[in-house]
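Based on what follows, work out the 3D shape:
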Amino acid sequence: LFQLKRSPGLPPQRFYFLVAHAATKNKNMLGWINRSIKEFVTSTFGPEAWDAVVEKYPHEAKWRSQCPYSDSLTVELVVTSAKHLGVSVEDALEAYGVFFVSYVESLGYRKLMDILGNTLFDFLQNLNNLHLLLQFSFPEMISPAFKCEARPETPEGHQVMRLTYSSARQGLYRIVFGIVKQVAQKLFSQEVTVALVGEAALPHNHFEYLLEITVKGHLGGAAAKSAELLGSRAGTGRTSSDIAAAAHEATLAQETLVFTAELFYEMFPFALFVDRQCAIVSSSPSLHRMTNWRTGNTLENHFEIVHPRGMTFDVEVVLQLARSRTAFVMKLKSNGLELKGQFIDISDSRVGITQSPSRRTSIFNGGMAAHDASVVFICAPRVRSLEDMRQFQVYMSDMPLHDSSIDMVMLAEQRSAENELSRRIESLNLQLEEERKRSDRLLYQMLPVNVANSLRTGAKVNAQHHPEVTILFSDIVGFTVISAKTAPENVFRLLDELYTALDTELALNFPELYKVETIGDAYMVVGNLTEPCHTHADRMIHFASRMLTIAETIDSGVPGLKVQLRVGLHTGSVVAGVVGKKMPSFCLFGDTVNTASRMESNSVAGCIHISDDCCRAIRNPAALAIESRGVIDVKGKGQMTTHFVRVPESSIAPPANEGAAAVTAVAAAAAAAAGVGAAGAVTPAPAP
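Below you'll find the predicted structure:
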């Protein structure tokens, strides 16, 4: 079912499935990888695209940089992003690889990238050593392995390299495509093409991909030197420096170096010699103490290769990789101590071991002669902290003085303390961000978002004129009776349940409407003020209908008395602004507010009472049951024509921001079908 071989016509859904399968191996990625994906989507497609991806992503999109997270979360994030952005997962992975180079550079690793090699070939060869270095800072990192080989030029004269990419994760090789292309262009001013020419499954759930890199053009800068050096590696030409180096090597080949065993192991306190069958011939006292090896023991009896992953103890394969300057990490099976070093072929070397300048003797134990040793592994303990040294019983007296092993341990100890501090700061920042969002949510419930943001920056919020809004007022019929017949605790419960239900309805189904305030049993809402809403009158009437329905579900606490609302609406102009500094209040001013309040006070239980101005503002009157109330006397306003409106069960609230022309067309069509004029003719009804 999970075939590695992938045909060119493989459908995207199957590829998603194959990629997702890579996450079922109980592996983890560091959180900064997920954070880099967030940066990739945000910087490439915009913050809105990332917000949309997060909405579809079924997990919490919060990660700490140095904490490990399941691969399944990362793969699912990639698949979700690709689907939302409308690109294939393969293309998304390659684009991410291109971005990843710049992202790593932004984290402060540009200098490290610059010194990896002065050619693309050397850069790729040293990626393994870079990953080993990074594992000191990120011990949980499961890194891939790379092996680069130069190939003959193409007929067009293009340089060719073969890059073997081995990983515990399946299907992510397209990231390497993007990384190689971007590194070639950014660091070496070269244009390259990358193609997959082979893939295979390795032991221990590892996967190997063979990539062919073709240098198509040299864009200047370091490219000329890169081509010259790469050509010499591929056997296509020799530089003057190569000729000089070859002459020097020929001179050295005629010399014989003689060391005493004591001196050799003092210089290299962690070294061992093996023959072509990987049998241990000799070792330094420190390694002998740790392994207690015996004659005939092989490396496999005491060690396992940790890096490069998937390697076996085959001398020829090991030496082939060692010639490409690949560092090896072997782990002692006895105590788990890791040793980092290099294998060196000494089968043809002229190295003598003696106890005195005049008498050569063998340093090799078990009666084996010096010529039995073909390979030497010179290494140093790979410890990340002083605690590791204590655990593995490695002492400073064991460490060589001529290299930086001790310095690296001290730096790693310091780095570990810095990482711990960084983790704490990151954790506190996440908590601070969560608290900020919580306070923002609370603030946005009290003030409009734009007003709250202005107040946060200390800016003065000036009053603004709004030419057309719809205002709703409601109150509870018989609230005075309820307050008189029941305890204050019950009044509080009633109002809390009612207002919570109404607030929830607003947030879920009418987010463009804004709740201004509640005073006692009065509830005030405005539309087309904080957010543009072409159908504000229609939407407000539909919300008013939901208010009446919700109120019927609330228990009054008084036997035989139901909770009923009366609602009034009016449409007109207002001025809105923030009043006061201590406990600032967002207030509306204008005759529209007073008229809306009068519509509510002149309404009746269970009815929606609207002014004639509100009626004319309705975009789709055919979807509503509008009954004229005629002319009534309104306190402070005189004679006014008003209406009662009801929302039929089959009626659906129109979209908030549908264009006026489109709404009018829909209203006209609906009105024509119902036999009602598009202007919104209403049926007269007697005054209640």
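
Might you report the residue contacts of residue 340?
132, 327, 328, 329, 379, 380, 382 (C-beta atoms under 8 Å, 6 or more residues apart in numbering). To be clear about C-beta, it is placed using only N, CA and C from the backbone, and glycine gets the same treatment.

now do 7 Å
132, 327, 329, 379, 380, 382 (C-beta atoms under 7 Å, 6 or more residues apart in numbering).

so which helix or strand takes in residue 111?
For residue 111, the enclosing helix or strand under DSSP states H and E is helix 110-114.

Output that helix as PDB - backbone C-alpha positions only.
Output of helix 110-114 as PDB, limited to C-alpha atoms (Å, rounded to 0.1, in the frame of the first residue of the first chain):
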ATOM      1  CA  ARG A 110      24.500  33.200   7.700                       C
ATOM      2  CA  LYS A 111      28.200  33.200   8.800                       C
ATOM      3  CA  LEU A 112      28.000  29.500   9.500                       C
ATOM      4  CA  MET A 113      26.600  28.900   6.000                       C
ATOM      5  CA  ASP A 114      29.400  31.000   4.500                       C
END
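
residues making contact with it?
105, 187.

Lowest pLDDT pick from the contacts of residue 340?
For the contacts of residue 340, the weakest pLDDT value sits at residue 132, with 77.

Which helix or which strand is home to that residue?
Judged by DSSP H and E, residue 132 forms part of helix 127-137.

export that helix as PDB, just CAs?
The C-alpha coordinates for helix 127-137 follow below in PDB (Å, rounded to 0.1, in the frame of the first residue of the first chain):
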ATOM      1  CA  LEU A 127      26.000  19.500   5.800                       C
ATOM      2  CA  ASN A 128      26.400  16.300   7.900                       C
ATOM      3  CA  ASN A 129      29.000  18.100  10.000                       C
ATOM      4  CA  LEU A 130      26.700  21.100  10.300                       C
ATOM      5  CA  HIS A 131      23.900  18.900  11.600                       C
ATOM      6  CA  LEU A 132      26.200  17.300  14.200                       C
ATOM      7  CA  LEU A 133      27.100  20.800  15.400                       C
ATOM      8  CA  LEU A 134      23.500  21.800  15.600                       C
ATOM      9  CA  GLN A 135      22.700  18.700  17.700                       C
ATOM     10  CA  PHE A 136      24.600  20.300  20.600                       C
ATOM     11  CA  SER A 137      22.000  23.000  20.700                       C
END
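
State the mean pLDDT of the strand of greatest length in the chain.
If you go by DSSP state E, the chain has its longest strand at strand 565-579. When pLDDT is averaged along strand 565-579, the result is 93.

With stretch 292-302 instead?
On average, stretch 292-302 scores 87.

Tell me how far residue 197 lies from residue 311.
For residue 197, the distance to residue 311 equals 22 Å [C-beta to C-beta, to the nearest Å].

Please disregard the earlier target; I meant residue 144.
In terms of C-beta to C-beta, residue 144 sits 13 Å off from residue 311.

Please identify every residue contacting each of the two.
Joint contacts of residue 144 and residue 311 (C-beta under 7 Å, 6+ apart) do not exist.

ok, and the closest non-adjacent residue to residue 625?
Once flanking residues are discounted, residue 625 sits nearest to residue 646: 4.3 Å by C-beta to C-beta, 6 or more residues apart in numbering.

scratch that, residue 182
residue 101 (4.1 Å).

What is the burial count for that neighbour?
21 (other C-beta atoms under 10 Å).

pLDDT value on it, please?
Value for residue 101, per-residue pLDDT: 93.

could you point out which element follows the helix ranked longest in the chain?
As assigned by DSSP state H, the longest helix anywhere in the chain is helix 405-446. Once the chain leaves helix 405-446, the next helix or strand it forms, by DSSP H and E, is helix 449-456.

Fine by me, we can end here.
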